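In: I would like the atomic coordinates for the input below:
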Amino acid sequence: MLTRSRRTRGVAAAIAVLALGLTACSSDSGSESKETSPAGGDVTSGNIKVGFSQLGAESGWRTANTESVKASLTAENGIDLTFSDAQQKQENQIKALRDFIDQGVDVIAFSPVVETGWDEVLQEIKDAEIPVVLVDRTVDTHVVDPYVTWIGADFEAEGITAGEWVVENYPDAKIFELQGTLGSGAQVDREAGFDATVGESHILGKASGNFTRAEGKAAMEAALQAYPDMNLLFAHNDDMGLGAIEAIEAAGKVPGKDIIIVTVDGVRDGLQALVDKKFNYVVECNPVFGDQILDAITKAHNGEQQPRKTIVLDQAFDQTITQAVVDARLY
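Out: The predicted structure is shown next:
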């Protein structure tokens, strides 16, 4: 069964009234990788030359988002795509963005790994008169009008939705918060929304799991030692929550009972953990919005007006979810 907080319903209603076609959300170290889409057209095809820098492949959510991007940004849809995987390193992304400028692309789209540190390269892109479409995460920059539109989730609303469920069901919870990549928009905003809703006094401690399953497990192992009274985990994404399950079970505790688990994302593995009663509540962050990215890129190239923000509408799930719902998921 689907559930949605009152605040989330209000956000969705406001969005509908404003008619903003609105979409989002959570990458590994190593060298940058680039590829030109096999479906990409040549320079003389008349297709829009697009440089897309994905921040990495840290989670099931990110993989699904990349697949959606590549499925939409094809030659058949009028796009000549150069795709770059930054593998969760800002220096790789900045290099890719500069390469896109040198290649003379028509539009640049990217999912920034962190919010700050983009001023210089964004100014270079602006000086080259290349429109930018931000995807999933946001930037904090002094550059004036650095992008034409942003498409992503309302991360703060996701944190609020998770927090409201905790307040309603476990008002006296002793909480450990497993954060995403520090400084990323998803981490900053989910933390702000959740903490303001549940109250700082209920949070025993926090640590970053960097949005990965392995680091989520390691952080949870340490937290179980440091905070023996903890009885609720809020993980900023499913993958960290899944890693935490391993640590909880290894410690002889029962996930979903001894320690209540609330996460964000809604990938298939996360919802399966909900069906299996190891997760208790999952706030969705929908990664499948490649069609909206395509629309934004096309409009940016043509100089058409579009909303400054396009927010992906999300749902939330509790343990009443069925196996059939999980099996039908696209990601």
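In: neighbouring contacts of stretch 240-247?
Out: Here stretch 240-247 makes contact (CB atoms under 8 Å, 6 or more residues apart in numbering) with 178, 180, 209, 211-221, 224, 233, 235, 255, 261, 263, 269-270, 273, 278-279. C-betas here are computed from N, CA, C, even on glycine.
In: Of the residues you listed, which belong to strands?
Out: 178, 233, 235, 261, 263 (DSSP state E).
In: domains for this structure, by residue range?
Out: By the assignment in automatic domain parsing, the chain contains the domains 23-153+286-312, 155-285+319-327.
In: Mark which of the contacts of stretch 240-247 are buried, thanks.
Out: Neighbour-count burial (16 or more other CB atoms under 10 Å) applied to the contacts of stretch 240-247 gives 178, 180, 209, 211-213, 215-221, 224, 233, 235, 255, 261, 263, 269-270, 273, 278-279.
In: quick one on the thing from earlier: can I get the ones in strands among the contacts of stretch 240-247 in CSV with distance to Glu58?
Out: Converted to CSV, these look like this (distance: CB to CB, whole Å):
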residue, distance to Glu58
Leu178, 14
Leu233, 19
Ala235, 13
Ile261, 19
Thr263, 15
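In: what two of those residues have the greatest distance between them?
Out: Greatest spatial distance among those (CB to CB): Leu178 and Ile261, at 9.5 Å.
In: list residues touching both of those two?
Out: 233, 235, 241, 244.
In: Disregarding flanking residues, what is the spatial nearest neighbour of Asn280?
Out: In this structure, Asn280 finds its nearest non-sequential neighbour in Ile260, 4.9 Å apart by CB to CB, 6 or more residues apart in numbering.
In: and the one you found, how far is that from Phe176?
Out: Separation of Ile260 from Phe176 (CB to CB, to the nearest Å) stands at 11 Å.
In: Compare neighbour counts for those two and give me the winner.
Out: Phe176 (26 against 21; other CB atoms under 10 Å).
In: Tell me if that one really is in a helix.
Out: No - counting by DSSP: H, G, I helix; E, B strand; the rest coil, Phe176 is located in no helix; its state is strand.
In: contacting residues for it?
Out: Here Phe176 is in contact with 203-207, 220, 223, 227, 230, 232-234 (CB under 8 Å, 6+ apart).
In: Same check on Ala207?
Out: Per CB under 8 Å, 6+ apart, neighbours of Ala207: 176-179, 219, 222-223.
In: Do you have the helices of the stretch 201-331 of the chain handy? List them.
Out: Using DSSP state H, counting those that start in this stretch, the helices of the stretch 201-331 of the chain run over 213-226, 238-250, 268-275, 290-302, 323-327.
In: and Ser171, what does it touch?
Out: Quick fix: residue 171 is Pro, not Ser. No contacts exist for Pro171 under CB under 8 Å, 6+ apart.
In: Show the contacting residues for the nearest residue to Asp145 once chain neighbours are set aside.
Out: Using CB to CB, 6+ apart and skipping residues adjacent in sequence, the residue nearest Asp145 is Lys126, 7.7 Å away. Going by CB under 8 Å, 6+ apart, Lys126 touches 143, 145-146.
In: thinking again about what came up before, which one of the domains of the chain has the lowest average pLDDT?
Out: Here the domains of the chain differ in mean pLDDT, and the lowest is domain 23-153+286-312 at a mean of 88.
In: quick one: it to chain centroid distance?
Out: Here domain 23-153+286-312 is found 14 Å from its chain centre; the criterion is CA atoms, centre = their mean, to the nearest Å.
In: what's the answer for stretch 255-266, then?
Out: 18 Å.
In: Remind me which helix or strand the residue nearest to Asp145 belongs to.
Out: If you go by DSSP states H and E, Lys126 is part of helix 119-127.
In: quick one: contacts for Glu284?
Out: Counting by CB under 8 Å, 6+ apart, Glu284 touches 264-266, 314-317.
In: how near is it to Ser59?
Out: From Glu284 to Ser59 the distance is 14 Å (CB to CB).
In: hey, what's in contact with both of those two?
Out: By CB under 8 Å, 6+ apart, Glu284 and Ser59 have these common neighbours: Asp265.
In: Many thanks, have a good one.
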